[in-house]
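S.K.: no sequence on this one, just coordinates:
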RNA sequence: CGGGGCGUAGCGCAGCCUGGUAGCGCACCUGCUUCGGGAGCAGGGGGUCGGAGGUUCAAAUCCUCUCGCCCCGACCA
């Protein structure tokens, strides 16, 4: 697509639209290595805003940050049977620490590991850090007085996926992973649920993405977890995106790494664990939740630039009055903590600037021209539409803060309405299949937990169980499974998913 | 790894069928005029046509091999 062409999403070309938004907003590029991604400044800034907000929430709930190594001995991965089963097929493996030569005599790819530099034990690049962390927890934990441990780390991980898509699934991604250790089962499970609630609140308050919370079916559960909790968001094509997970790990890792503590009574008990994480996938979720035909739309709380100030002048002399006025407005906005870009680019017409800021997702634009200077005001345009309106320069900081809050709320409500209109409740499999292929969306159905049937439905409809929604499980009582007709044990949310 | 498609300037593409030594749009550089919703004109820079071999007087174009990418499946946050 030419750089100036409008972005035109179509339902059958949603995937291309998504990639276009990313390119036009200059969020990321493909890297030379297949499946990995270069985060450009604008894309990385969104991640930084996500990170800052989440980090504050983690600290408010008593967590601290630490850092564990990138390389994990291969043998660590094997210690937890399900864990290795889940990750073995997508691990990057390091076997040597030196090359013999980088090019051969023909100047071609001739990279040969030096046989003398072979590692005694291969290392894997972490796909997740449970194993290395629980190895360390084994050394840190002796007494019930050492518990709980509430640690988070911000890191990159590598999962060698076959199919990748920018932000949603890349070979390497940035994330945070929390790993906690507890003395009792209820305390650990409560921690997992507490962090799920942190994620839910964050998704809705900061990303303006409404989510359904729930637990995963056995087949969708994290490798090594007893219970996996999830927040599920609906993208604009009606597919679900798992936006965050929180796992109750039971004593699986404590047993694999032999981590025990002494109780006040003097007994030795295995430690209870949780882990929880969100990744740069959230940037993809933001894009696919809010963006439109013109390009990216960012919720104010994660927008690297919240307000773009565009000064306008034509004739000689106008710049001398307009520019200082615009600078003064920008300074006042910054003084109340608003992230502002003052667009003084020369030789670029105002209309071109407007489109530029729009496709980059900036929530609010302020135009400042000679007419506005005369009135002592700026002319405001919201990224999400509505008539333009004037704002007096006097007290503009407070007024713009209010406007940004309003935009933030509107985005959430707009997304919630969109999702609710596409969330259905059915109790008949035939109707489900028809409705899913006609209109897509999410389906809450009575369900008797059965992995075989789940698999069957996936191959027939491509839909999977996104979760068993929290707060809806009582409704299963007295109903029959929509697939087998047997008494239902759960209410399951089915959907196509990324 | 199966099935389909594509590699030509930074990006998007035409040219290939029917061989004659590379072009268009956008972007970029210079100048002048523009400037409240994607500017116009003039001039200019940039490509050993993914790679290797073959056929030919001559290959982006034909043949063989090879590498890479995209889409659909299997895998997954």
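M.R.: Now that the structure is in, tell me what you want to look at. Predicted model only: the values in this text are computed from it and were never measured.

S.K.: which parts of chain A are helices?
M.R.: Secondary structure of chain A, counting by DSSP state H: helices at A:14-24, A:41-60, A:74-77, A:81-87, A:130-140, A:185-205, A:252-256, A:281-290, A:318-335, A:350-359, A:370-375, A:396-420, A:429-439, A:451-461.

S.K.: do stretch A:212-227 and RNA strand B come into contact?
M.R.: Yes: for stretch A:212-227, a contact with RNA strand B is found by Cβ under 7 Å from any atom of the strand, at A:220, A:222-223. Just so you know, the C-beta spots here come from the backbone N, C-alpha and C atoms, and that holds for glycine as well.

S.K.: most neighbours, which of those residues?
M.R.: Neighbour counts for the residues of stretch A:212-227 next to RNA strand B, by other Cβ atoms under 10 Å, peak at residue A:222, which reaches 24 neighbours.

S.K.: that residue reaches residue A:250, doesn't it?
M.R.: No: between residue A:222 and residue A:250 there is no contact under Cβ atoms under 8 Å: 11.6 Å.

S.K.: over in the stretch 351-498 of chain A, which residue gets nearest RNA strand B? Let me know.
M.R.: With Cβ to the nearest atom of the strand, the shortest gap between the stretch 351-498 of chain A and RNA strand B falls at residue A:369, namely 2.0 Å.

S.K.: scratch that, the stretch 151-300 of chain A
M.R.: Closest point on the stretch 151-300 of chain A to RNA strand B, by Cβ to the nearest atom of the strand, is residue A:242, at 3.4 Å.

S.K.: any idea how far residue A:70 lies from RNA strand B?
M.R.: Applying Cβ to the nearest atom of the strand, to the nearest Å, the value for residue A:70 to RNA strand B is 15 Å.

S.K.: from residue A:302, how far off is residue A:52?
M.R.: Residue A:52 is 9 Å from residue A:302, where distance means Cβ to Cβ, to the nearest Å.

S.K.: quick one, which of those two is more surrounded?
M.R.: Each of residue A:52 and residue A:302 has its neighbours counted (other Cβ under 10 Å); residue A:302 has more, 24 against 12.

S.K.: what's the burial count for the residue of the stretch 351-498 of chain A closest to RNA strand B?
M.R.: With other Cβ under 10 Å as criterion, residue A:369 counts 19.

S.K.: these two touch, right, it and residue A:319?
M.R.: No: assessed by Cβ under 8 Å, residue A:369 is found out of contact with residue A:319, at 10.8 Å.

S.K.: give me the common contacts of those two.
M.R.: By Cβ atoms under 8 Å, 6 or more residues apart in numbering, residue A:369 and residue A:319 have these common neighbours: A:311, A:313.

S.K.: how close does residue A:123 sit to residue A:70?
M.R.: 9 Å.

S.K.: show the contacting residues for the closest residue to the residue of the stretch 351-498 of chain A closest to RNA strand B other than its chain neighbours.
M.R.: In this structure, residue A:369 finds its nearest non-sequential neighbour in residue A:312, 3.6 Å apart by Cβ to Cβ, 6 or more residues apart in numbering. By Cβ under 8 Å, 6+ apart, the residues touching residue A:312 are A:322, A:350, A:367-370.

S.K.: and the two most separated of those residues?
M.R.: Distances among these were taken as Cβ to Cβ; the most separated pair is A:350 and A:370, at 12.5 Å.

S.K.: chain center to stretch A:446-464, what's the gap?
M.R.: The chain centre lies 26 Å from the centre of stretch A:446-464; the measure is Cα atoms, centre = their mean, to the nearest Å.

S.K.: stretch A:160-170 too?
M.R.: 13 Å.

S.K.: check contacts around residue A:226.
M.R.: A:247-250, A:252.

S.K.: contact partners for the residue nearest to the spatial centre of chain A?
M.R.: What sits nearest the mean C-alpha location of chain A, by Cα atoms, centre = their mean, is residue A:282, with 1.8 Å. Going by Cβ under 8 Å, 6+ apart, residue A:282 touches A:47, A:50, A:203, A:207, A:243-244.

S.K.: near RNA strand B, which residues of the stretch 251-400 of chain A?
M.R.: Going by Cβ under 7 Å from any atom of the strand, the residues of the stretch 251-400 of chain A near RNA strand B are A:279-281, A:294, A:312-314, A:347, A:349-352, A:354-356, A:358-359, A:365, A:367-372, A:379, A:381, A:388.

S.K.: among those, which ones are buried?
M.R.: A:279-281, A:294, A:312-313, A:354, A:356, A:358-359, A:365, A:367-370, A:372, A:379, A:381 (16 or more other Cβ atoms under 10 Å).

S.K.: now residue A:472. Nearest residue, chain neighbours left out?
M.R.: Residue A:472's closest residue in space is residue A:491 (Cβ to Cβ, 6+ apart), at 4.6 Å.

S.K.: got the contact list for that neighbour?
M.R.: Contacts of residue A:491 (Cβ under 8 Å, 6+ apart): A:444-447, A:468-469, A:472-473, A:475-476.

S.K.: returning to that earlier point: which one of the helices of chain A lies closest to residue A:166?
M.R.: Comparing the helices of chain A under Cβ to Cβ, the one sitting nearest is helix A:14-24, at 5.5 Å.

S.K.: any idea of the mean pLDDT for the closest one?
M.R.: In this model, helix A:14-24 has a mean pLDDT of 85.

S.K.: got the angle for it vs helix A:281-290?
M.R.: Between helix A:14-24 and helix A:281-290, the angle comes out at 110 degrees (axes from the mean of the first three to the mean of the last three Cα atoms, to 10 degrees).

S.K.: quick check: angle from helix A:14-24 to helix A:41-60?
M.R.: 100 degrees.

S.K.: hang on, the earlier thing: got any residues that touch both of residue A:123 and residue A:70?
M.R.: Residues touching both residue A:123 and residue A:70 (Cβ under 8 Å, 6+ apart): none.
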